[in-house]
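Student: Please work out how this folds:
(2 chains)
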Protein chains: 2
Amino acid sequence: MKASQFLISTLKEAPADAEVVSHKLMMRAGMIKKLGAGIYNYMPMGLRVIRKVEAIVREEMNRAGAVELTMPVVQPAELWQETGRFDKMGPELLRIKDRHDRDYVVQPTSEEVVTDIARQEIKSYKQLPKNLYQIQTKFRDERRPRFGLMRGREFIMKDAYSFDRDQDAAKASYQVMAGAYRKIFDRFGLRYRAVAADSGAIGGDLSEEFQVIAATGEDAIVYCPGSEYAANMEKAEALAPAAPRAVAQAAMEKVATPGKSTCEDVAALLNVPLSTTVKSLVLSTDVLDEKGNVTKTQVWLLLLRGDHDMNEVKVGKLPGLADFRFATVPEIEAHFGCKPGYLGPIGLKQPLKIVADRDVAVMADWICGANEEDFHIRGVNWGRDLPEPDFVAALRNVVAGDASPDGKGVLAIERGIEVGHVFYLGTKYSKAMNATFLDVNGKPQFMEMGCYGIGITRLPAAAIEQNHDDKGIIWPDALAPFTVVLCPISPDRFADVKAAADTLYAELLAAGVDVILDDRNERPGAMFADWELIGVPHRVTIGDRALKEGVVEYQHRRDAEATKVPVAEIASLIRSKLQA
Amino acid sequence: MKASQFLISTLKEAPADAEVVSHKLMMRAGMIKKLGAGIYNYMPMGLRVIRKVEAIVREEMNRAGAVELTMPVVQPAELWQETGRFDKMGPELLRIKDRHDRDYVVQPTSEEVVTDIARQEIKSYKQLPKNLYQIQTKFRDERRPRFGLMRGREFIMKDAYSFDRDQDAAKASYQVMAGAYRKIFDRFGLRYRAVAADSGAIGGDLSEEFQVIAATGEDAIVYCPGSEYAANMEKAEALAPAAPRAVAQAAMEKVATPGKSTCEDVAALLNVPLSTTVKSLVLSTDVLDEKGNVTKTQVWLLLLRGDHDMNEVKVGKLPGLADFRFATVPEIEAHFGCKPGYLGPIGLKQPLKIVADRDVAVMADWICGANEEDFHIRGVNWGRDLPEPDFVAALRNVVAGDASPDGKGVLAIERGIEVGHVFYLGTKYSKAMNATFLDVNGKPQFMEMGCYGIGITRLPAAAIEQNHDDKGIIWPDALAPFTVVLCPISPDRFADVKAAADTLYAELLAAGVDVILDDRNERPGAMFADWELIGVPHRVTIGDRALKEGVVEYQHRRDAEATKVPVAEIASLIRSKLQA
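Tutor: As a prediction, this is how the structure comes out:
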């Protein structure tokens, strides 16, 4: 490609609404152009990156035996009504009425349509397993689209769906996809982690997120540097505290803490570590009759260390707490005789169930609310000052330094951007849509399903969050819009420069290198700034003075300085760098 | 690809709503699957064809210097309001409201968005010419979607838009595209014609349709077998009749034609050729004041030979007739004193303008309505029975046998399916959206535009209309989902068959041949029927008995019989056929 034939349009400044670096750099490098809230034109430079992502994904999906098809962007509502998602999905699902006033949706994903295809096409166990995928435009009407391609409304997703005869086969299909995803992410050339994720009501471990590591990532990733263990924050577990409960030393005493309603404030006031305080979270669970009316409400007190955060997924999996909600202020006042902010497990008005986090259960001499406004209690001890809790469980998010659940060291935390997800679905959709096949005995069985997504247009944004500097983007070779840029200096003035650039360009093109020749006759400063912003990884500068010495200058986007390379060797140097 | 890993699902019968052969065969071959009215899943077999179409189009567009980008499927209404198309386009434009009640459309085409991009990105004449294209999902809410992919609602279109500094440059860009389209359609391997089409109000000849020839096509294509002349019916012209008007021989006489209100009926009743009758078409044109109120109406009588059809485009280009409408019955009665069906130019109640088709102007002794119910007049002659017409013009569609406008013979007519269109737009959109650039003198100028479409998903349907037989589809090599199918007979029983098939499969794959191995262990009859329906052009059958003779059987989809080929030669035979 020659730059003059392409559409290059870089900006000095990012638009004001660009908050994150990938959004800023994609706008400045002319890769995307905003058309509306969360809706972007994929400009030629950006589309080249997207196409490279697609090509890698397509190759590895095909290699893993998946079969590509395309499902419509605009889908009739009927199938979505069949699974109930037409109503359940809320305003994120973009709805349309056509000229005949019939309901349609713009697909945010395609479980319904693909299950409809499977129930029509797959009649026998002999046709299984099947994995059908598409790379297609999706739309989610996010309430607050932001961060460019990171959280857009219209986006491209690769979504794959596996169909199997039983759970074992489904798990094998899942593992094939998990393996393909590792190959795909390896090929992207990004640092990433496959982390265990919560698999919802289905249980088991068959849910993994593929997270691109980036300091700016919105997800916390938990991993063990000494082992393979990695999970997202929702899912991550830690070993229970190893040390037994310490012996009580302090006497229990009420202390005035006027206006100090948080553990942080109390610890500061009393000049003690936050980890000696205990916070009280009050939950409720309702028992419903057949008509859905509440017949009874159980109130629960959860105790967590002041420096720990509740993990709602873990709490929701505890016996009796599946459908918990946070208690209302009247419920709290009825049980504690006090407003939130000064609650604790001592001196309750009405009985309730007390659940202690594992770390709270081993504490001694701790501090909690006194159930009296502006007062707390210090020196509290289990057994002596209050009964042992009704039960003890892991209620909290892990923190760095917690013991890895595999016993191979302590956990560390870094941040990531979720770009892929592999998920075992079970029979959720096949049951809802009666998608059956005849098994070896001629008996109808529900298909076992899995679903597997990759955010095609999100990936370039994640890659940039991971790979950039103050000059711009730094693409890995596999994702770069062009892998090599040739920068002749004043080719209009120096015939030898133009000739050398043209020769090298032809040579690299012939070798299949994705090269762009900057024939715009820009000044060197502006030209270099453009390509550093765009992030082409390999640059060759061709100048008259260097040519007279028989050399050109090679510089990788990460190199601080250029290297002189004899003209005769530059093409093979480039080729060897691209193969590395 | 191995058939067992793919999704093959053929049907014996086409669904009842499939009217045309391409729709029937695409459904039966499992290439598409209906999801809703005019909305189809592109199944794996069909998607392979679509991807081949896309690849050819993309390669030639890139080669022609066009630059690919992608514009959103869901587009904010603002730009559509700016050009007025949001209101003008009517119910074909699918409209959406998002969660914030803002208006959006699903793109049916992208002139607005691409012009918006151009007016932001292109500042200077130095950046011109530019040609931007996308291959993207479109939606048109057709009132009556039908014929499968031929007239669907959701479809994939390649749409390109050129931007130029002046008309000459725009015409050059147009010619580059017209040339690229010829290469694209040549590569498809289909019989097609590029035909001149009406260019609307802009004038000039810069509008061509690319029509795939098919007896079932909905468009009539006019061409001259002795020259390059070709045009669609709207646009096609013929030379004026060469012979002068014949001498009047008959006397004028009124004849009773009770209930015979059409030329056909009258000719049959009087036992004369239809070509001796003249039909009267009554049009009106309104003169409007500044507020859009009608201040005056002119009524026109158009006279055409009974066997000819009016061409509305040609009529609309006549002086004074640009905004014609068909006259109302009261208007007709006021001028003719008679209801429609018995109208003629003789004995009018009120004066009107008479326009005669060129063929009518040279008729003698003709028949027309008597302006009296159930009566016609015969033996009518210009000059003697009525004044010469106000003017004479070409008012009608050409017919086979008309003299070609280039004087190189007579016109012939065949049928075609429009799959591509190249069109010079001028400044229609750039003016409406104020898309200017600075010219060499630093003066803002409107960009000159062209637009260039190819119906990516319509093309396979057109290819099938042209290439099929009673067994199924016959793909040209370039579009086939697979170019070669290997059909081993009972490979489960004959180890030599399986081994030979596997070897040939590996050999063809290694040679880059797009081959599918049918490893489903189907009976030969069912297997052959599947591949004949699907239309793979080259088939190799590998059977035990033939192998023992050292041969396999090769059959092209168009061959009546198979040919025996030595095992050692089959791979090179295939390769040579694919290069042919």
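Student: The nearest residue to A:Val113 once chain neighbours are set aside: what's it in contact with?
Tutor: Leaving aside its chain neighbours, A:Val113 sits nearest to A:Met71 (4.6 Å; criterion: CB to CB, 6 or more residues apart in numbering or on different chains). Glycine gets a C-beta too; all of them are placed from N, C-alpha and C. Contacts for A:Met71 (CB atoms under 8 Å, 6 or more residues apart in numbering or on different chains) come out as A:Gln107, A:Ser110, A:Val113, A:Val114, A:Ile117, A:Gln134, A:Gln136, B:Leu35, B:Asn41.
Student: Return the member of those residues nearest to B:Lys353.
Tutor: Comparing the contacts of A:Met71 against B:Lys353 with CB to CB places B:Leu35 closest, at 53.1 Å.
Student: and A:Thr541, bridged to which residues?
Tutor: A:Thr541 has these beta-bridge partners by DSSP bridges: A:Cys487, A:Glu553.
Student: and it, how many residues sit next to it?
Tutor: 22 (other CB atoms under 10 Å in any protein chain shown).
Student: Ok, A:Ile377 next?
Tutor: For A:Ile377, the tally of surrounding residues (other CB under 10 Å) stands at 24.
Student: so what's it scoring on pLDDT?
Tutor: A:Ile377 carries a pLDDT score of 97 in this model.
Student: now what about the helix or strand hosting it, what contacts it?
Tutor: Using DSSP states H and E, the element containing A:Ile377 is strand A:375-380. Around strand A:375-380, the neighbours that count as contacts under CB under 8 Å, 6+ apart are A:248, A:250-257, A:260, A:266, A:270, A:278, A:342, A:344, A:346, A:365-370, A:386.
Student: The nearest residue to A:Ala236 once chain neighbours are set aside bridge partners, please.
Tutor: Once flanking residues are discounted, A:Ala236 sits nearest to A:Val222: 3.6 Å by CB to CB, 6+ apart. The bridge-partner assignment for A:Val222, based on DSSP bridges, gives A:Ala231, A:Ile413.
Student: Same question for A:Gly426.
Tutor: With DSSP bridges as the criterion, the beta-bridge partners of A:Gly426 are A:Met449.
Student: mind checking how far it is from chain B?
Tutor: 22 Å (CB to the nearest CB, to the nearest Å).
Student: That residue contacts A:Met449, doesn't it?
Tutor: Yes. Judged on CB atoms under 8 Å, A:Gly426 makes contact with A:Met449 at a distance of 6.9 Å.
Student: shared neighbours, those two?
Tutor: A shared contact of A:Gly426 and A:Met449, defined by CB under 8 Å, 6+ apart, is any residue touching both; here these are A:Ala170.
Student: Counting neighbours, go ahead and name the busier of the two.
Tutor: Using other CB under 10 Å, the more surrounded residue of A:Gly426 and A:Met449 is A:Met449, with 25 against 22.
Student: Just to check, that one is in contact with A:Ser162?
Tutor: Yes. Under the contact definition of CB under 8 Å, A:Met449 touches A:Ser162, with a separation of 6.4 Å.
Student: shared neighbours, those two?
Tutor: Shared contacts of A:Met449 and A:Ser162 (CB under 8 Å, 6+ apart): A:Ala170.
Student: Which of the contacts of A:Met71 ranks first by neighbour count?
Tutor: In terms of neighbour count, A:Ser110 stands highest of those at 27 neighbours, by other CB under 10 Å.
Student: Chain A - how does it break down into domains?
Tutor: The domain map for chain A lists A:3-237+A:413-464, A:253-393, A:482-579, with the assignment taken from automatic domain parsing.
Student: any idea which of those domains is most buried?
Tutor: With neighbours defined as mean count of other CB atoms under 10 Å in any protein chain shown, the domains of chain A peak in mean count at domain A:3-237+A:413-464, which reaches a mean of 20.
Student: returning to that earlier point: closest one to B:Glu209 among the domains of chain A?
Tutor: domain A:3-237+A:413-464 (26.8 Å).
Student: chain center to that closest one: distance?
Tutor: Chain-centre distance of domain A:3-237+A:413-464: 11 Å, with CA atoms, centre = their mean, to the nearest Å.
Student: For it, measure first residue to last.
Tutor: End-to-end distance for domain A:3-237+A:413-464, by CA to CA, to the nearest Å: 22 Å.
Student: just stretch A:298-313 next, same as before
Tutor: End to end - CA to CA - stretch A:298-313 spans 19 Å.
Student: where's that stretch relative to the chain centroid, distance-wise?
Tutor: From the chain centre to the centre of stretch A:298-313 is a distance of 25 Å (CA atoms, centre = their mean).
Student: Could you pick out the residues of the stretch 151-300 of chain A near chain B for me?
Tutor: Taking CB under 8 Å from any CB of the partner chain as the criterion, the neighbours of chain B within the stretch 151-300 of chain A are A:Arg153, A:Glu154.
Student: which residues does the closest residue to chain B within the stretch 151-300 of chain A form a beta bridge with?
Tutor: With CB to the nearest CB as the measure, A:Glu154 is the residue of the stretch 151-300 of chain A nearest to chain B, at 5.1 Å. Per DSSP bridges, residues listed as beta-bridge partners of A:Glu154: A:Phe139.
Student: who touches it in this structure?
Tutor: Taking CB under 8 Å, 6+ apart as the criterion, A:Glu154 is in contact with A:Gly38, A:Ile39, A:Tyr40, A:Thr137, A:Lys138, A:Phe139, B:Pro72, B:Val73, B:Val74.
Student: Check those residues against A:Asn441 and report the nearest one.
Tutor: Comparing every one of the contacts of A:Glu154 with A:Asn441 (CB to CB), the shortest separation belongs to A:Lys138, at 39.2 Å.
Student: got any ranges where the stretch 201-350 of chain A has weak pLDDT?
Tutor: A:201-204 (pLDDT under 70).
Student: With the stretch 351-500 of chain A instead?
Tutor: Applying pLDDT under 70 to the stretch 351-500 of chain A flags no residue at all.
Student: which residue does it bring closest to chain B?
Tutor: Counting by CB to the nearest CB, the stretch 351-500 of chain A gets nearest to chain B through A:Thr457 (9.6 Å).
Student: which residues touch that residue?
Tutor: A:Tyr42, A:Ile50, A:Leu149, A:Gly152, A:Phe155, A:Ile156, A:Met157.
Student: wait, the fifth one sits on A:Pro145?
Tutor: No. Distance between A:Phe155 and A:Pro145: 10.0 Å, which falls outside the contact criterion (CB under 8 Å).
Student: In this structure A:Arg58 contacts A:Val67, no?
Tutor: No. Here A:Arg58 lies out of contact with A:Val67, judged by CB under 8 Å, at a distance of 11.3 Å.
Student: helix or strand for A:Ala194, which one?
Tutor: Assigned by DSSP H and E, A:Ala194 falls within strand A:192-196.
Student: For that strand, which outside residues touch it?
Tutor: The list of residues contacting strand A:192-196 from outside it, by CB under 8 Å, 6+ apart, reads A:178, A:181-182, A:185, A:205, A:207-213, A:221-223, A:230-232, A:235-236, A:416, A:419.
Student: what is the residue positioned nearest the centre of chain A paired to in the beta sheet?
Tutor: Averaging the C-alpha coordinates of chain A gives a centre point, and the residue nearest to it by CA atoms, centre = their mean is A:Glu418 (1.8 Å). Judged by DSSP bridges, the bridge partners of A:Glu418 are A:Gln211.
Student: For it, which residues are in contact?
Tutor: When contacts are counted by CB under 8 Å, 6+ apart, A:Glu418 touches A:Glu209, A:Phe210, A:Gln211, A:Asp219, A:Gly455.
Student: let's go with 6 Å and repeat that
Tutor: The contact partners of A:Glu418, by CB atoms under 6 Å, 6 or more residues apart in numbering or on different chains, come to A:Glu209, A:Gln211, A:Asp219.
Student: Check the gap between A:Ile516 and B:Cys338 for me.
Tutor: Counting by CB to CB, to the nearest Å, the gap between A:Ile516 and B:Cys338 amounts to 74 Å.
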